[in-house]
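S.K.: Sequence plus predicted model, see below.
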Amino acid sequence: MTKTHSKIGIISAIIIFIGCIFKAFHLKGALALFLAGNLSFSIVFIPAIIYNLLNKGKIFNSICCFFLVQ
């Protein structure tokens with residue numbers, strides 16, 4: 001995993017966490033933050049990891065990763 005993948009994953013997790021905190025305190029924008037974090041995780045981070053594993057030739061790991069997400 002490259003530094004870019006790590007940064008994307010950490011940023012996604014922070015956005016999800018902040019969205020959960022906002023939701024707990026019933027603040028505005030909680031749903032938007034929560035959805036943005038989840039979308040960035042599922043649309044950017046997970047496919048990037050699968051693509052990276054496929055390029056390294058680890059086909060079994062990428063297939064397992066794909067089915068664990070679903």
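M.R.: Ah, there it is.
S.K.: what's near enough to touch the spatially most central residue of the chain?
M.R.: By Cα atoms, centre = their mean, the chain has its centre lying nearest to Phe41, at 1.9 Å. Phe41 makes contacts with Gly9, Ser12, Ala13, Ile16, as judged by Cβ atoms under 8 Å, 6 or more residues apart in numbering. From N, CA and C alone the C-beta is placed, and that goes for glycine too.
S.K.: who's in contact with the second one?
M.R.: Same thing as Ser12. Applying Cβ under 8 Å, 6+ apart, the residues near Ser12 are Gly37, Asn38, Ser40, Phe41, Val44, Phe45.
S.K.: Restricted to helices, list these.
M.R.: Within these, residues falling in helices by DSSP state H are Gly37, Asn38.
S.K.: Relative to Phe60, which of the contacts of Ser12 is nearest.
M.R.: Phe45 (20.4 Å; Cβ to Cβ).
S.K.: right, and the closest one touches Ser6 too?
M.R.: No. Phe45 is beyond contact range of Ser6, at 9.7 Å (criterion: Cβ atoms under 8 Å).
S.K.: Compare the two and say which one has the larger neighbour count.
M.R.: Phe45 (19 against 11; other Cβ atoms under 10 Å).
S.K.: Could you measure from that one over to Asn38?
M.R.: According to Cβ to Cβ, to the nearest Å, Phe45 and Asn38 sit 10 Å apart.
S.K.: longest helix anywhere in this structure?
M.R.: Max-length helix for the chain by DSSP H is helix 3-24.
S.K.: In PyMOL, select just the buried ones from the contacts of Phe41.
M.R.: Buried members of the contacts of Phe41, defined by 16 or more other Cβ atoms under 10 Å, are picked up in PyMOL with:
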select buried, resi 9+12+16
